[in-house]
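Visitor: Structure for this input, please:
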Amino acid sequence: MEKIFVTRAVPEAGINKLKEKGYEVVVSPKDGVLAKDELISALKADKYDAVLCLLTDKIDGDVLDAAGKQTKIFANYAVGFDNIDLKAAEERGVMITNTPGVLTNTVAEHTFALMLAISHRIVEADKFTRAGKYDGWAPMMLLGNDLSGKTIGVVGLGRIGSRVAHHAFNGFDAKVIYNDIKRNEDFEKEFDAVYKEKLEDLLKEADYVSIHVPLLDSTRHLINAERLSQMKPTAYLVNTSRGPIVDENALYEALKNKIIKGAAIDVFEEEPKFVPGLAELDNIILTPHIASATEETRNAMAELAAENVISALEGQIPPNLVKKQ
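Guide: Here you go, the predicted model:
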């Protein structure tokens, strides 16, 4: 009987799919992230044919070696895979998979929830009301900004970035501009979008800058002090991709000094920690990496991760195989 190790509890939809195939499923009893030494110890304690891991697990050569040659696949419960050393996995003949597609709509929705919340000052207004400060309607109280008709700058035109553009164009009559490593003329026709080859040109024009690029060496601190200074003082920054893409210290300074009007971020450079002072600012919204956190999507992610495992153990190529770039 094949045995699968799951590094942390995930929705039962995925676990049940594995059990229905007759596999033995062992879920880590720890309620939290396994430290590297804990993960290595768990993998050495038994022989596993597959590992279902999470974005919070750092999978490097040491961890892969601990799993041993019997382990055919590490199935990542995430669309990203920057937590895995793809080169080390390739060298050891271990398949790596992710869960793309199923969380596209949910993350795009969360992105717009953040855009609307920061520009309409929803969090500020909630705190204001709960604190008993509301003593009646006033014409100048907590004035925000309209999103409709504004310019939305999409940085990274993958599935999620494209869906954000869809909502911007069809739902808010917004002008869409985008920056990506390559131009997409079909996308431009569908959403009347304008390609900005230089990121700086997008930053200078956008009222909202929405980040949707993967974390690579080339995108780490893509948004830094210099680029924040290129944004409009009335602009908002939204990040639902990966924390290290934005220099948090630079963001703090830009918000404190009103270089930009506001920001809303769901991811941080060194999760779960973030730069001291950010939480004291009124012009930023912080959410705890929950952009994909709906029941529907997390269930679908668990099922897709399970399907990747099943395909690998049945001698097939998993549907979401990640290859070294």
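
Visitor: how about low-confidence regions in the chain?
Guide: Residue ranges of the chain with pLDDT under 70: 324-325.

Visitor: Is the residue minimising distance to the centre of the chain in a helix, a strand, or coil?
Guide: Nearest to the mean C-alpha position of the chain, counting by CA atoms, centre = their mean, stands S241 at 3.7 Å. Secondary structure, DSSP: H, G, I helix; E, B strand; the rest coil: S241 is coil.

Visitor: Also D65?
Guide: helix.

Visitor: Next, work out how far apart it and V94 are.
Guide: Look at D65 and V94: by CB to CB, to the nearest Å, they are 10 Å apart. Every residue, glycine included, has its C-beta placed from N, CA and C.

Visitor: sorry, back to before: identify the bridge partners of the nearest residue to the residue nearest to the centre of the chain once chain neighbours are set aside.
Guide: Excluding the flanking residues, the one nearest S241 by CB to CB, 6 or more residues apart in numbering is I211, at 4.9 Å. Note on I211: beta-bridge partners V155, N239, judged by DSSP bridges.

Visitor: Make sure Y252 is actually in contact with L281.
Guide: Yes: with contacts counted by CB atoms under 8 Å, Y252 reaches L281, the gap being 7.4 Å.

Visitor: So which of the two has more stuff around it?
Guide: Shown here are Y252 and L281; by other CB atoms under 10 Å, Y252 has more neighbours (19 against 15).

Visitor: buried ones in the host helix or strand of the more buried one?
Guide: Element membership for Y252, per DSSP states H and E: helix 248-256. The neighbour-count check on helix 248-256 (16 or more other CB atoms under 10 Å) flags E248, N249, A250, L251, Y252, E253, A254, L255 as buried.

Visitor: Let me see the contact set for the first one.
Guide: When contacts are counted by CB atoms under 8 Å, 6 or more residues apart in numbering, E248 touches F268, E269, F274, V275, L278.

Visitor: now swap in the second one and tell me
Guide: Shown in contact with N249 (CB under 8 Å, 6+ apart): V275.

Visitor: distance of it from L43?
Guide: Using CB to CB, N249 is found at 36 Å from L43.
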